[in-house]
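Asks: Predicted model and sequence follow; I will ask about them next.
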Amino acid sequence: MSYIDGFVIAVPNANKEKFIAHAREFDPIFLELGAIRVIECWGDDVPDGQVTDFRRAVKATDEEAVVFSWVEWPDKPTRDIGMKKMMEDPRMDAANPMPFDGKRMIFGGFAPVVDLK
């Protein structure tokens, strides 16, 4: 079964086009390094929760949107090799400054347990 890296970030609404351009430039590197798919989703219906929610998780302000992204890999070993190569790739130096505050990004690797198609 595939392996998923998930990301949630807060992006200033004013930077939406900058974010999309950034993703179009750097997301193909994931594919070069073995990822199957990269999805970037701009928050459209992100409700406030009673205890916690996406907005609070990344400390999004009223001027920011929540972006939910994931990278699908064929398996964890491919992901581990691909992510290591990505961190070492000199092209990534050009990714800074990012159009969002990377300190508030939450991320993690996930092993699917159910996959319905």
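Replies: Happy to help now that I have it. Numbers count the residues shown, from 1 in each chain.

Asks: Just the mean pLDDT for the longest helix along the chain, thanks.
Replies: Secondary structure assigned by DSSP state H gives helix 16-32 as the longest helix of the chain. Per-region confidence: helix 16-32 scores 95 on mean pLDDT.

Asks: For that helix, which residues meet the burial criterion?
Replies: Judged by neighbour count using 16 or more other Cβ atoms under 10 Å, the buried positions of helix 16-32 are 19, 22-23, 26-27, 29-30. No exception for glycine: its C-beta is placed from N, CA and C like everyone else's.

Asks: tell me which strands and helices it is in contact with?
Replies: For helix 16-32, the helices and strands in contact under the criterion 3 or more Cβ pairs under 8 Å, 6 or more residues apart in numbering; DSSP states H and E are strand 37-42, strand 64-73, helix 76-88.

Asks: Which SSE is immediately downstream of the first one?
Replies: Taking DSSP states H and E as the definition, the helix or strand that follows strand 37-42 towards the C-terminus is helix 54-57.

Asks: Check which residues of that next one are buried.
Replies: Taking 16+ other Cβ under 10 Å as the criterion, helix 54-57 shows 54-55 as buried.

Asks: which strands and helices sit next to that helix?
Replies: Judged by 3+ Cβ pairs under 8 Å, 6+ apart, helix 54-57 is in contact with strand 3-12, strand 64-73.

Asks: Just checking: what are the partner strands of the first one?
Replies: Note on strand 3-12: by DSSP bridges, its sheet partners are strand 64-73 (antiparallel), strand 106-110 (antiparallel).

Asks: Find out how far the first one is from the centre of the chain, if you would.
Replies: Spelled out, that is strand 64-73. Computed by Cα atoms, centre = their mean, to the nearest Å, the separation of strand 64-73 from the middle of its chain amounts to 4 Å.

Asks: So what touches that strand?
Replies: Strand 64-73 is touched from outside by 2-13, 16, 19, 23, 30, 34-43, 46, 54-55, 58, 60, 79, 82, 100, with contacts defined as Cβ atoms under 8 Å, 6 or more residues apart in numbering.

Asks: Turn the buried ones among those into a named ChimeraX selection, would you?
Replies: The ChimeraX selection below is limited to those of the contacts of strand 64-73 classed as buried (16+ other Cβ under 10 Å):
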select :2,3,4,5,8,9,10,11,12,19,23,30,34,35,38,40,43,46,54,55,58,60,79,82,100
